[in-house]
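K.L.:
Mind folding the following:
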Amino acid sequence: MITRVVTERLAHPDTSGGFLLDGYPRTIRQAEALDRIVAGRAPLVIIDIVLTEAEVIRRLASRMVCAECGTNATGEGDVCHDCGGPLVPRADDREQVVVNRLEVYRNQTEPLVRYYGGRSTYCRIDGARLPTT
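P.N.:
Predicted structure coming up:
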């Protein structure tokens, strides 16, 4: 289904000069479909932002959301900048949830590194050197 959505969106004229996909493809099958979708266009540039699993867990565990309005929190403090409600950890960022998501990544998405890694347009970036906010 997501491949159909991507196919339809990339058929729009505003993508002819380029586009950015975040989180797609996630599997080899989706990557092969994307190759077919973009055949005849400029080559795909693949950016792989790499972090250790410990750093992923640390960063995700520190994300907060407002218990009142649901706004994702930024910056310091324990009060929402929008409504003044209390900030709480995001339910989808609990450590066990993140550990499970990392397992799914290793099994389904990590093979994309091998799929794309040999291409001249593959770029690996050290995510630990990027700002966290």
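K.L.:
going forward, measure contacts and count neighbours with C-alpha atoms only.
P.N.:
Fine.
K.L.:
hey, where'd the helices end up in this protein?
P.N.:
For the chain, applying DSSP state H gives helices covering 2-10, 28-37, 53-61, 95-104, 111-117.
K.L.:
List of residues touching the shortest one?
P.N.:
What that stands for is helix 111-117. Arg26, Thr27, Ile28, Ala31, Ile46, Asp48, Tyr122 (Cα atoms under 8 Å, 6 or more residues apart in numbering).
K.L.:
rerun that using 7 Å as the cut-off
P.N.:
Contact with helix 111-117 is made by Thr27, Ile28, Tyr122, as judged by Cα atoms under 7 Å, 6 or more residues apart in numbering.
K.L.:
Which one of the residues you listed is nearest to Arg41?
P.N.:
For the contacts of helix 111-117, the minimum distance to Arg41 (Cα to Cα) is 16.4 Å, reached by Tyr122.
K.L.:
what are the bridge partners for that closest one, then?
P.N.:
For Tyr122, the beta-bridge partners are Ile46 (DSSP bridges).
K.L.:
any idea of the mean pLDDT for stretch 1-19?
P.N.:
Averaging pLDDT along stretch 1-19 yields 94.
K.L.:
And it, what's buried?
P.N.:
Of the residues in stretch 1-19, those buried by neighbour count under the rule 16 or more other Cα atoms under 10 Å are Thr3, Val6, Thr7, Leu10.
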